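# Structure for this input, please:
(chains A and B)
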Amino acid sequence: MADYDAIVVGAGVSGSTAALCMAKAGMSVLVVERGDRPGVKNMTGGRLYGHSLETILPGFAAQAPIERTVIREKISMLTGESCCTLDVSSARFANPASASYTVLRAEFDPWLAGKAEEAGCDVVCPASADELLYDNGKVAGVRAGEDELTADVVLLADGVNSPLGRKAGLKKELAPDMVAVGVKEVLELPGGVINDRFNLEPGEGAAHLFAGEPSQGMVGGGFVYTNKESLSVGLVMSMHTLTASRSRLPDLLQAFRDSKALKPLLSGGKLVEYSAHLVPEGGLRMLPTLAADGVLLLGDAAGFCLNLGYTVRGMDYAIASGMLAAETALEAKNKGDFSAATLAGYTTRLEQSFVLRDLHTHQRAPDFIGHTSRLYQEYPQLAEDLLTGLFTVNGPSTLFIKKALPVLSKAGLFNLLKDAFRGARSI
Amino acid sequence: MNVEQKLALDKFLLDEGNPHIIPHQEHMDAATARALTVVCPAGLYSLGQDGKLVFDAAGCLECGACRVTCAHLPGALEWRHPRPTFGVLFRYG
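Have a look, this model is predicted:
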């Protein structure tokens, strides 16, 4: 007889969601978390798309420690001299079925883990699951320090580095062209100042992405998210172009902060935290084995993340994978069979859900975004040339087409058409 | 503000004398050692005048960038999470 029906390794959003759903269904669940409390080892750039948690905890945003509801989306192309911005604000963005929220994980994760505890889970922290225990080739528990803890199924929600997922042979080592490094600063600012600066009402938030200058021609981009009384400011840089460069990541972030476009937004902000995280961006190319005898792989550990340039998603997939892993574990418990054959239902559920469907839909995106250098070099320059030309008056006027054609030719019409076609088929 | 000053604002509990990351430069090519110095968000890797890799685990943000950088070179980097209670403690995250 095992100690628990299920052990979850990691109290991030996928682990806690899985624990919550399994406990609600009457399973006995232990969550093992290496941090002193949930959330202290976790960070996010800043935004949770709420739809998947909404299906599990309807109306969660009213009680969860979210920061702001994003009602304003901005994307800027930066060059040294100019900033060209797409700015969309809409009350539609606040619809709970599709709303997104800025969050800080050190607050959000304890709340979600608390929900799992309320539902009857044991959450033990700090406790590090160092090894998997096996029984006749089937995963049968974890060893945490001196303690051996057994369960019918182990859910690995141990994050992007997933030491146990690798030890179990479920996933290969991450390759530099499949991961990005995210680095973030949290800057404290009074809420009223944030509202004024970003044109927001109280409770409303903005998400602002930046391309061009911030990544200095490499694959990557910058972001600013508004929290209640702070800003999350950071850079996400693909590792394969960064490692080939001479630019140190901390210096790139500082240069972004000091750029003309950011300085007035951040002015007076007091730095309170500096953090970093890997982002699995390889999509289907890095899809691991999701289920084996007695074990499932969830969230970042499974590489469920999608960066399309205009949206960056991970936590909503993590939450959905937690829910689907819980359904699968419950099915296995009811059948009394935790073999790979039954647990393969997890992969099937993911394939039928938006999680793997999205990765299929956008399977060309990692290659397009990760290997089209023109997106980071020529095109921000093109936006600057085209749009500053539009607003420049210096004597006689010319037709817009006469201004635009030389600019488009400089970037190469063939390349533009090719990239527009490839982009349309991938993002 | 430089990265050392930024890291000084973070909360850490250092596991003195028991680093959770140990690089072994003898198993690395020069390009990998140099890559470590650019990719670490905490700037914990540097190359001395003599080309020797200098590393201090204090200030590690536990991201794994160095692990991925060295993953193709067996023996180049020992990497694990800090023991429970040690390492970085994000207050915002």
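
# ok, now how distant is A:A94 from chain B?
Distance check for A:A94 against chain B: by Cβ to the nearest Cβ, to the nearest Å, it reads 24 Å. Bear in mind the C-beta positions are built from the backbone N, C-alpha and C, glycine included.

# Am I right that that residue is in contact with A:R72?
No - counting by Cβ atoms under 8 Å, A:A94 does not reach A:R72; the two are 10.6 Å apart.

# hang on, A:P110 in a helix?
Yes - assigned with DSSP: H, G, I helix; E, B strand; the rest coil, A:P110 falls within a helix.

# Show me the residue at the heart of chain A, geometrically.
Central residue of chain A (Cα atoms, centre = their mean): A:G314, 3.4 Å from the mean position.

# OK, contacts around the residue nearest to that residue when sequence neighbours are not counted?
Excluding the flanking residues, the one nearest A:G314 by Cβ to Cβ, 6 or more residues apart in numbering or on different chains is A:C305, at 4.2 Å. A:C305 makes contact with A:279-281, A:283, A:312-314, A:317, according to Cβ atoms under 8 Å, 6 or more residues apart in numbering or on different chains.

# So which of those sit within strands?
A:279-280, A:312-313 (DSSP state E).

# Where neighbours are concerned, which of the residues you listed has the most?
Greatest neighbour count in the ones in strands among the contacts of A:C305, by other Cβ atoms under 10 Å in any protein chain shown, goes to A:P280: 27 neighbours.

# follow-up on the earlier one: anything in contact with each of A:A94 and A:R72?
A:E204.

# Lowest-confidence member of the contacts of A:C305, which is it?
On pLDDT alone, A:G283 ranks lowest of these, at 89.

# so it sits right up against A:P366, yeah?
Yes - applying Cβ under 8 Å as the test, A:G283 and A:P366 come out as touching, 4.6 Å apart.

# what number of residues lie near residue 66?
Just so you know, I chose chain A. Around A:I66 there are 24 residues (other Cβ under 10 Å).

# Actually, chain B is the one I wanted.
Using other Cβ under 10 Å, the number of residues around B:C66 comes to 24.

# host element of it?
Element membership of B:C66 [criterion: DSSP states H and E] is helix B:65-70.

# Figure out the length between the terminal residues of stretch A:123-143.
End-to-end span of stretch A:123-143 (Cα to Cα, to the nearest Å): 15 Å.

# no no, stretch B:74-93
Taking Cα to Cα as the criterion, the two ends of stretch B:74-93 lie 32 Å apart.

# Next, see if it gets close to chain A.
Yes - residues of stretch B:74-93 contacting chain A under Cβ under 8 Å from any Cβ of the partner chain: B:80-81, B:83-85, B:87-93.

# Can you give me the buried ones in that stretch?
B:76-77, B:79, B:81-84, B:86-93 (16 or more other Cβ atoms under 10 Å in any protein chain shown).

# what residues are up against the residue lying closest to A:D130 once chain neighbours are set aside?
Using Cβ to Cβ, 6+ apart and skipping the chain neighbours, the partner closest in space to A:D130 is A:R143 (5.6 Å). If you count contacts by Cβ under 8 Å, 6+ apart, A:R143 has them with A:129-133, A:149.

# C-alpha coordinates for stretch A:345-355, PDB please?
Provided in PDB are the C-alpha atoms of stretch A:345-355 (Å, rounded to 0.1, in the frame of the first residue of the first chain):
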ATOM      1  CA  GLY A 345      -4.500   8.900 -21.700                       C
ATOM      2  CA  TYR A 346      -2.700  12.100 -20.500                       C
ATOM      3  CA  THR A 347      -1.000  12.500 -23.900                       C
ATOM      4  CA  THR A 348      -4.300  11.900 -25.600                       C
ATOM      5  CA  ARG A 349      -6.100  14.400 -23.500                       C
ATOM      6  CA  LEU A 350      -3.300  17.000 -24.200                       C
ATOM      7  CA  GLU A 351      -3.600  16.300 -27.900                       C
ATOM      8  CA  GLN A 352      -7.300  16.800 -27.800                       C
ATOM      9  CA  SER A 353      -7.000  20.000 -25.800                       C
ATOM     10  CA  PHE A 354      -5.600  23.400 -26.800                       C
ATOM     11  CA  VAL A 355      -2.200  22.600 -25.200                       C
END
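
# what's the spacing between that stretch and its chain's center?
19 Å (Cα atoms, centre = their mean, to the nearest Å).

# Report the buried residues of that stretch.
Buried residues in stretch A:345-355 (16+ other Cβ under 10 Å): A:345-347, A:349-350, A:353, A:355.

# can you check stretch A:153-172 too?
Across stretch A:153-172, burial judged by 16+ other Cβ under 10 Å covers A:153-166, A:168, A:170-171.

# Just the residues contacting stretch A:387-407, thanks.
With Cβ under 8 Å, 6+ apart as the criterion, stretch A:387-407 contacts A:82, A:84, A:382, A:385-386.

# B:F86: what's its closest spatial neighbour, skipping adjacent residues?
Of all residues not flanking B:F86 in the chain, B:D15 sits nearest, at 4.1 Å (Cβ to Cβ, 6+ apart).

# show me the contacts for the one you found.
So B:D15 contacts B:82-83, B:86-87 (Cβ under 8 Å, 6+ apart).

# Look up how far chain B lies from A:R422.
Counting by Cβ to the nearest Cβ - A:R422 and chain B are separated by 27 Å.

# and the residue found closest to that residue once you drop the neighbours it is linked to in the chain, helix, strand or coil?
Nearest residue to A:R422, sequence neighbours excluded (Cβ to Cβ, 6+ apart): A:F368, at 5.4 Å. Put simply, A:F368 is helix when judged by three-state DSSP.

# Would you agree A:F368 is in contact with A:F421?
No - counting by Cβ under 8 Å, A:F421 is not a contact partner of A:F368; they are 10.4 Å apart.

# Looking only at neighbour counts, state which of these two leads.
Of the pair A:F368 and A:F421, A:F368 is the one with more neighbours under other Cβ under 10 Å, namely 19 against 10.

# which parts of stretch A:357-365 are buried?
In stretch A:357-365, counting by 16+ other Cβ under 10 Å, buried: A:358-359, A:362, A:365.

# same check, this time on stretch A:56-70
A:56-57, A:60-61, A:64-70.

# check contacts around the spatially closest residue to A:G234 that is not a sequence neighbour.
Excluding its sequence neighbours, the residue lying closest to A:G234 (Cβ to Cβ, 6+ apart) is A:K184, at 3.5 Å. Residues near A:K184 by Cβ under 8 Å, 6+ apart: A:43, A:45-46, A:232-234, A:274-277.

# Tell me which stretches of the stretch 151-300 of chain A form strands.
A:179-188, A:204-212, A:220-226, A:230-238, A:270-280, A:291-292, A:295-297 (DSSP state E, counting those that start in this stretch).
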